[in-house]
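Trainee: Predicted coordinates and the sequence they were generated for:
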Amino acid sequence: MPSAALECDVAIVGGGMVGASLALALSALPLEVVVVEATPPEDDSQPSFDTRTTALSNGTRRVFEGLGVWDEIAREATPIRRIHVSDRGRFGSAVIDAAEQQVAALGYVVENRVIGRALWRRLRLSPRTRLIAPATVTQARGSAAGVHLDLDGAAAGGVGARLIVAADGAGSLVRTCAGVGAERWDYGQTAVICQLTPERFHDHVAYERFTPAGPIAVLPAPAGRVGAVWTLTPEEAARVMALPDEAFLAELQQSFGWRLGRLKAVTRRVAYPLALTRADAAHAPRTAIIGAAAQGLHPIAGQGFNLGLRDAATLAEVLADAPGEDPGAEPLLARYAQWRHTDRRALIAFTDGLVRLFGSPLLPVQIARNVGLVLFDLSPPAKSAMAKLSLGFAGRQPRLARGLPLAVPATGERP
Ligand SMILES: Cc1cc2nc3c(=O)[nH]c(=O)nc-3n(C[C@H](O)[C@H](O)[C@H](O)COP(=O)(O)OP(=O)(O)OC[C@H]3O[C@@H](n4cnc5c(N)ncnc54)[C@H](O)[C@@H]3O)c2cc1C
């Protein structure tokens with residue numbers, strides 16, 4: 001006899017950075033939640049919680065405070081106190097300074113695996129959240145009353161839910177099953193990620209350096225190390241990936257320069273092909289699409305996760321504000337999608353524009369962007385607008401990102 005489906009209110013497919021954050025937010029609400037994750041966080045091949053470092057905005061820090069995981073993450077987070085932007089071989093450079101912007105930090109750099117450990121540790125304590133991992137969703141079939149998920153690996157009867165959340169990354173199967181298309185623009189670039197030990201202390205400065213081959217981001221990390229994201233053509237990336245450590249360090253040194261002195265040691269390198277993925281919609285019948293499943297961005301501005309977390313915080317708030325209602329009801333999902341529209345559109349355009357501006361080999365564009373960097377450095381309003389973006393203040397913010405509780409007491413005024 002076939003086993004019965006596991007029934008719940010909300011099934012989240014993908015327990016990566018964004019899906020696990022949503023699950024934790026929903027654990028504060030009277031909802032039965034199931035998370036299906038193909039690779040648990042303690043597995044070395046986990047694609048979301050890998051050896052990358054992520055730059056978290058101040059808005060993200062507030063969401064993590066609200067979810068009760070910031071104290072654990074903060075122990076291994078490195079504050080960014082300055083951002084230094086420059087163009088290799090040209091005169092323009094710009095600096096954004098935390099003190100000038102009257103904040104303690106412009107953001108925080110944390111290893112993804114630290115975030116994963118904190119989120120999952122807390123999730124495992126939540127009585128209303130059921131974690132099914134490892135298990136892969138192979139099919140999602142909708143009806144008027146709910147969605148049924150077929151699983152490979154566990155829970156043979158599958159999972160039935162009134163709302164299904166696609167948090168399964170840029171190649172989302174759930175998004176496809178829901179009939180939502182996605183546009184994919186291949187940048188023809190690959191990011192080579194590693195950690196470096198430089199001769200000089202980073203002094204909490206994040207560097208973004210534009211080179212003819214692509215941007216290099218160098219982020220401050222714990223124990224005097226720095227995290228590097230080196231963007232190259234796929235061919236160049238394959239070549240530098242195969243170099244012995246010393247030759248790799250010498251080439252990176254030449255592109256990045258000597259601001260941190262000699263680059264002395266490098267950890268294991270990992271390569272990520274870069275593309276822009278944009279879902280045609282953020283919802284479908286009984287389905288909400290969040291995180292990289294909704295938009296996968298180039299890491300040039302370090303905004304993909306921060307944006308995805310705002311998807312999660314917004315969806316959680318829409319559900320928190322509709323107690324007792326069907327969580328998969330169309331008006332709720334439409335409200336979520338509409339609220340996210342401006343933030344998603346603005347950040348996709350901003351990130352994509354940066355890639356194109358700084359990727360252009362045309363001399364007039366190169367001159368213009370260098371003049372732009374100098375003017376930017378001289379213009380307090382432009383700097384503070386950019387700082388606001390890196391601080392996570394763009395658009396209307398969900399309560400969690402403003403440091404407010406997710407659920408408002410029944411008698412309380414809605415903030
Ligand atoms: C090189 C690089 C650097 C970056 N740096 C930054 C940064 O500094 N700041 C920032 O904000 N963002 C950054 N990002 C973006 C950030 O990593 C992503 O936005 C984030 O990982 C998206 O998280 P997610 O949970 O939506 O998706 P993912 O991380 O893709 O996670 C999807 C999860 O779903 C699971 N899954 C997939 N399919 C199934 C299935 N069928 N069944 C069950 N489970 C499934 C996967 O195992 C995975 O755990 C960077 C990205 C890259 C590539």
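Mentor: Nice, I can see it. Numbering: from 1, shown residues only.

Trainee: Ranking helices and strands of this structure by mean pLDDT, which lands last?
Mentor: Using mean pLDDT, DSSP states H and E, helix 363-378 stands out as the lowest-scoring helix or strand of the chain, at a mean of 58.

Trainee: helices and strands around the longest helix along the chain, which ones?
Mentor: Across the chain, the longest stretch assigned as helix under DSSP state H is helix 330-359. Packing partners of helix 330-359 (3 or more Cβ pairs under 8 Å, 6 or more residues apart in numbering; DSSP states H and E): strand 182-198, strand 270-279, strand 283-284, strand 287-289, strand 295-296, helix 304-320, helix 363-378. In this view, the C-beta of every residue, glycine as well, is placed from N, C-alpha and C.

Trainee: I'd like to know which of the ones you listed is closest to the ligand.
Mentor: Closest approach to the ligand among the helices and strands packed on helix 330-359 (Cβ to the nearest ligand atom): helix 304-320, 2.9 Å.

Trainee: quick check, that closest one touching the ligand?
Mentor: Yes: Helix 304-320 is in contact with the ligand by Cβ under 6 Å from any ligand atom, via 304-306, 308.

Trainee: The residue of the stretch 101-250 of the chain found nearest the ligand: helix or strand, and which one exactly?
Mentor: As assessed by Cβ to the nearest ligand atom, the ligand sits closest to Gly169 within the stretch 101-250 of the chain, at 2.8 Å. Gly169 is part of no helix or strand, with elements assigned from DSSP states H and E.

Trainee: Just the pLDDT at it, thanks.
Mentor: On the pLDDT scale, Gly169 is placed at 97.

Trainee: for Leu276, same thing?
Mentor: Per-residue pLDDT puts Leu276 at 93.

Trainee: Could you find the closest non-adjacent residue to it?
Mentor: Distances taken as Cβ to Cβ, 6 or more residues apart in numbering place Trp185 nearest to Leu276, at 4.3 Å, with adjacent residues excluded.

Trainee: about what we covered before: of all the residues of helix 304-320 next to the ligand, which comes closest to Ala118?
Mentor: Ala118 has its nearest neighbour among those in Phe305, at 14.0 Å by Cβ to Cβ.

Trainee: Looks like that closest one contacts Gly59 (just checking).
Mentor: No: in terms of Cβ atoms under 8 Å, Phe305 does not count as a neighbour of Gly59; the distance is 11.3 Å.

Trainee: which residues does Ala145 contact?
Mentor: Arg162 (Cβ atoms under 8 Å, 6 or more residues apart in numbering).

Trainee: any idea how far Arg184 lies from His341?
Mentor: 20 Å (Cβ to Cβ, to the nearest Å).

Trainee: For stretch 310-330, measure first residue to last.
Mentor: End-to-end distance for stretch 310-330, by Cα to Cα, to the nearest Å: 20 Å.

Trainee: Give me the mean pLDDT for it.
Mentor: 97.

Trainee: buried ones in it?
Mentor: Buried positions in stretch 310-330, judged by neighbour count with 16 or more other Cβ atoms under 10 Å: 310-320, 327-328.

Trainee: who in the stretch 51-200 of the chain is up against the ligand?
Mentor: 52, 54-55, 136-137, 167-169, 173, 191, 193.

Trainee: If any of these are buried, give me the PyMOL selection for them.
Mentor: Remark: buried members of those, expressed as a PyMOL selection using 16+ other Cβ under 10 Å:
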select buried, resi 52+54+55+136+137+167+168+169+173+191+193
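
Trainee: could I get the residues of the stretch 51-200 of the chain next to the ligand as a markdown table with distance to Trp70?
Mentor: Output for these, formatted as a markdown table (distance: Cβ to Cβ, whole Å):
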| residue | distance to Trp70 |
| --- | --- |
| Arg52 | 19 |
| Thr54 | 14 |
| Ala55 | 15 |
| Thr136 | 31 |
| Val137 | 30 |
| Ala167 | 21 |
| Asp168 | 26 |
| Gly169 | 24 |
| Leu173 | 32 |
| Ala191 | 27 |
| Ile193 | 24 |
